[in-house]
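Trainee: I would like to see how this sequence folds:
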Amino acid sequence: MPDTIPLSPAHVRYGSNSGQPLTRRDGILKVTGAATYAADNHPKGLLHAVVAVSTIARGRVSFLDVAAAKTHPGVVEVITPANRPPLALDPDGKVGFFAFRIEVLQNDRVRYANQPIALVVAETLEAATEGARLLAPVYEAEPARIGFDSGTPYVPPVVGIGGATDVSVGDIASGHAAATHHIETVYETPIQYHNAMEPHALVAEWDGDRLTIDTPNQAIVMSRGAFAAYFGIPAENVLLRSPFLGGGFGSKAILAGPQILGILAARMLDRPVKVVLTRAQMVGPVGHRGATRQTLRLGTDDSGRLTALEHNAISTTSSFDEFIEPAANASHNLYASPAILTRHRALRVDTGTPGPMRAPGEASGSAALECAIDEAALACGLDPLEFRLRNYAEVDPASGKPFSSKALRECYAQGAAHFGWAGRPLAPRQMRDADGCLVGWGMGSAMFACPMFQAQARATLRSDGTALVETAAADMGQGAWTALAQIAADGLGLDIGQVEFRAGSSDLPDGGIAGGSGHTATAGGAVFSAGRDTIARLAELATTDPASPLFGAGNAGVEVRNGRLYRNDDDSRSDSYADILARAGLSELEGNGKAARDPADAASHAMFSHGAVFAEVKVDPDLGQMRVTRLVGAFAAGRIINPHLARSQLYGGMIWGLSFALHEEAVHDRRTGRSMNADLAGYHVPVNADVPSLEALMIHEDDPYVNALGIKGVGEIGITGTVGAIANAIWHATGVRAHRFPIRIEDILV
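Mentor: Next up, the predicted model:
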């Protein structure tokens, strides 16, 4: 075999920027105000649009005073069902697999409170706001259906995004019959809203049949195609720019009615249009986490091992579409039981359609499951950690597949040791602090799937030895700009300071979806692959060039580091990127990469991140006031690209779990269906004073199957163990088991 064969990426060894706790590359831009979010764009001739929304949840709009609104100074147009321009697609249809029915003034029906009923466009935001007020809508209202007693549950066609409604493993009846201990318990979780810091916003500008959109988006290329479909233009005619997102949590991956209305107005008036939802208007049209009522039946034998695990969930959805929170799925993959049965039912209520919200299904389902597991441990007289260890799943209980990797035992051991779990008394109400407050310790297992989507990237090596790496990735605060640049630098054998990273625009290669804790693996795999392709091309130039010190090194292969190629068998022979390109007469060299999970690995292994969360709470015995004073989480999530960013994500997940357990709840008026707390004063989330001492331990884990880089993801797993840990700690402190979230003072007073 000749020495001058082209080098494949497998012949090239790479250095590492990954694993370094670098600070965010975009941090200075954000703290100085230089980062441009969607609503910061002000093209020439900009008009401002305000969405007028319904104040009832069900019925029809019988009158809008359009004349009064249009006579207000500065108002340019009022769009209603009577004059709304046509769309290329039916808004009550769905654009693709990952889409929902939307409200874009297709008729006068009202299906939920805060539904768009008109769009007022004006020269100024103030004029548009006043014009919307002057519409003074009159309604024919119908009784609102809110809450679990408002209708009859039904069997939905799917749950989540295309999941099975019912799943059965083994013989559940035999499993219950074999049990010596039985528990049956019910838990409820409320509607929750994403409440990202940045509200949904859009700036739209048409140039003939070409459309430019500035809007925060978690799935940039996929959404470009959906926008194009609504307006009957080719996808390549849409430029969607989303360099910065002020949080998304799932709500900014799916198109919403106000966005389509803003684009319609821009085309109708032939001027750029900006529409920004108010905080209150984000309750309704842009998704939420549906409420759940979950019933769990667990059977255990004399040794404290599960014989049956049955998890039934009812989830709320809208009256006109379906997204069913897949809460019962939390029981599929965590605990070893010979018989598992999960069922999902749905209940239609008069709200907007729910959608994916950070840890969809797992957050709600694990909250109930982890409390039920503690109830089962108590019935067996076992410590909660010991009970979990006795029911440790060595293979995936749902599929029987081996796990691609699983370091949950290490998470239990290191988390418990760090927390001091060994000193925990089994019975409740045994510990008090110096002030007389009841002290309780609880734990919860954490688990989250690690999906991987398809993505593409481009890497361009420049003649000065620097590089440009491009992919339409989305950074909604998780640090993608930094972590992906680290991976890209690894693929190119450069220091991260030599790599320019460009993302957040639909004219770049498809970076996949920023969701499901899979974005770093997805986009990261693509940028690394693009770097490998570029270096393989560069190595071919060098090893086939007689003037290069690497000439003839094809079989030996090369190593890349610090902008140079080195022979694997002779470290003294090297060549710089710049010299290789110069001799070849090239100003730059481009490579392309793709990423997707190997179907064989996906078919043969179950792939999850795992963890354990330990919580300490203190409860005033007289007033019932609850406070979380300590949280320790131990997580195994594959290869960690940036420990600093990963720890931040784990902290964020644990804080969200605290919010779920004690604070967060959407309240709707049962008479009108209107939100009663559509602001951050009434919709409670933790503030600094609510957040205790946080510790996140990252347990080393190598996973050769999950993807080429061994990355799993950390964005959502922190929630899944924390909610149950806090609830279990409150029981341990008080001896009272709360069965609804958030846990209230009245739930634990006896």
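
Trainee: Tell me where the stretch 501-650 of the chain has strands.
Mentor: 558-561, 564-567, 570-576, 588-595, 608-619, 626-636 (DSSP state E, counting those that start in this stretch).

Trainee: What is the distance between the second one and the centre of its chain?
Mentor: Looking back up the chat, that one is strand 564-567. 40 Å (CA atoms, centre = their mean, to the nearest Å).

Trainee: what's the closest of the strands of the stretch 501-650 of the chain to Ala313?
Mentor: strand 608-619 (19.8 Å; CB to CB). All C-beta atoms are positioned from the backbone trio N, CA, C, and that covers glycine.

Trainee: Adjacent strands (with direction) for that closest one?
Mentor: The pairing partners recorded for strand 608-619 under DSSP bridges are strand 438-449 (antiparallel), strand 626-636 (antiparallel).

Trainee: and that strand, how far out from the chain's middle?
Mentor: From the chain centre to the centre of strand 608-619 is a distance of 20 Å (CA atoms, centre = their mean).

Trainee: returning to what we had before: any chance of the strands paired with strand 608-619 in JSON lines, with mean pLDDT too?
Mentor: Output for the strands paired with strand 608-619, formatted as JSON lines (pLDDT from 0 to 100):
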{"stretch": "strand 438-449", "mean pLDDT": "98"}
{"stretch": "strand 626-636", "mean pLDDT": "98"}
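
Trainee: can I get those in TSV with distance to Glu205 and mean neighbour count?
Mentor: Below are the strands paired with strand 608-619 laid out as TSV (distance: least, CB to CB, whole Å; neighbours: other CB atoms under 10 Å):
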stretch	distance to Glu205	mean neighbour count
strand 438-449	39	26
strand 626-636	44	24
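
Trainee: Please identify which of those strands is closest to Gly262.
Mentor: strand 438-449 (34.4 Å).

Trainee: Just the CA atoms of that closest one, as PDB, please.
Mentor: What follows is strand 438-449, C-alpha atoms only, in PDB (Å, rounded to 0.1, in the frame of the first residue of the first chain):
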ATOM      1  CA  LEU A 438     -38.100  20.200  62.400                       C
ATOM      2  CA  VAL A 439     -35.300  18.900  60.100                       C
ATOM      3  CA  GLY A 440     -35.900  16.300  57.400                       C
ATOM      4  CA  TRP A 441     -33.700  14.500  54.900                       C
ATOM      5  CA  GLY A 442     -35.000  13.100  51.600                       C
ATOM      6  CA  MET A 443     -33.600  11.800  48.400                       C
ATOM      7  CA  GLY A 444     -34.700  11.100  44.800                       C
ATOM      8  CA  SER A 445     -33.300   9.300  41.800                       C
ATOM      9  CA  ALA A 446     -32.600  11.300  38.700                       C
ATOM     10  CA  MET A 447     -32.900  10.000  35.200                       C
ATOM     11  CA  PHE A 448     -33.300  11.500  31.800                       C
ATOM     12  CA  ALA A 449     -33.000  10.200  28.200                       C
END
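
Trainee: Which is the succeeding secondary structure element to the helix or strand containing Leu468?
Mentor: Using DSSP states H and E, the element containing Leu468 is strand 467-470. Next in sequence after strand 467-470, counting helices and strands by DSSP H and E, comes helix 480-492.

Trainee: one step back: I'd like the strands of the stretch 501-650 of the chain laid out as JSON lines, including distance to Val120.
Mentor: Shown next, in JSON lines, are the strands of the stretch 501-650 of the chain (distance: least, CB to CB, whole Å):
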{"stretch": "strand 558-561", "distance to Val120": "58"}
{"stretch": "strand 564-567", "distance to Val120": "61"}
{"stretch": "strand 570-576", "distance to Val120": "61"}
{"stretch": "strand 588-595", "distance to Val120": "44"}
{"stretch": "strand 608-619", "distance to Val120": "46"}
{"stretch": "strand 626-636", "distance to Val120": "45"}
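
Trainee: Please name the strands paired to the strand holding Leu468 in the sheet, noting orientation.
Mentor: Counting by DSSP bridges, the strands paired with strand 467-470 are strand 455-462 (antiparallel), strand 499-502 (parallel).

Trainee: With distance to Pro402 and mean neighbour count added, can I get the ones you listed in JSON lines?
Mentor: What follows is those, written out as JSON lines (distance: least, CB to CB, whole Å; neighbours: other CB under 10 Å):
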{"stretch": "strand 455-462", "distance to Pro402": "27", "mean neighbour count": "25"}
{"stretch": "strand 499-502", "distance to Pro402": "36", "mean neighbour count": "20"}
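
Trainee: Need those strands in a markdown table (columns: distance to Gly290 and mean pLDDT).
Mentor: Written out in a markdown table, the entries for these read as follows (distance: least, CB to CB, whole Å; pLDDT from 0 to 100):
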| stretch | distance to Gly290 | mean pLDDT |
| --- | --- | --- |
| strand 455-462 | 29 | 98 |
| strand 499-502 | 37 | 97 |
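
Trainee: Dump those strands into TSV; add distance to Phe323 as well.
Mentor: Output for the strands paired with strand 467-470, formatted as TSV (distance: least, CB to CB, whole Å):
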stretch	distance to Phe323
strand 455-462	24
strand 499-502	33
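
Trainee: for the ones you listed, which one sits closest to Arg597?
Mentor: Between the strands paired with strand 467-470, strand 455-462 lies closest to Arg597; by CB to CB that is 11.1 Å.

Trainee: ok and the closest one relative to helix 480-492, angle-wise?
Mentor: 60 degrees (axes from the mean of the first three to the mean of the last three CA atoms, to 10 degrees).

Trainee: Just the pLDDT for Asp570.
Mentor: At Asp570, the model reports a pLDDT of 89.

Trainee: Any idea how many residues pack against it?
Mentor: 12 (other CB atoms under 10 Å).

Trainee: Which residues belonging to stretch 374-389 are considered buried?
Mentor: For stretch 374-389, burial by neighbour count (16 or more other CB atoms under 10 Å) applies to 374-380, 382-385, 387-388.

Trainee: residue boundaries of the helices in the stretch 201-350 of the chain?
Mentor: Under the criterion DSSP state H, counting those that start in this stretch, helices of the stretch 201-350 of the chain are mapped to 220-231, 257-269.

Trainee: got the ones you listed as JSON lines, with mean neighbour count columns?
Mentor: Converted to JSON lines, the helices of the stretch 201-350 of the chain look like this (neighbours: other CB atoms under 10 Å):
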{"stretch": "helix 220-231", "mean neighbour count": "22"}
{"stretch": "helix 257-269", "mean neighbour count": "23"}
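
Trainee: picking up where we left off before, greatest separation within the buried residues of stretch 374-389: which pair is it?
Mentor: Farthest pair in the buried residues of stretch 374-389, by CB to CB: Ala379 and Leu385, 15.9 Å.

Trainee: returning to that earlier point: point out the one among the strands paired with strand 467-470 that comes closest to Gly400.
Mentor: Going by CB to CB, the one of the strands paired with strand 467-470 nearest Gly400 is strand 455-462, 30.2 Å.

Trainee: List of residues touching the closest one?
Mentor: Contact with strand 455-462 is made by 467-471, 473, 488, 491-492, 508-512, 522-523, 525-527, 529-531, 533-535, 538, 577, 581, 587-596, as judged by CB atoms under 8 Å, 6 or more residues apart in numbering.

Trainee: I am finished for the moment; much appreciated.
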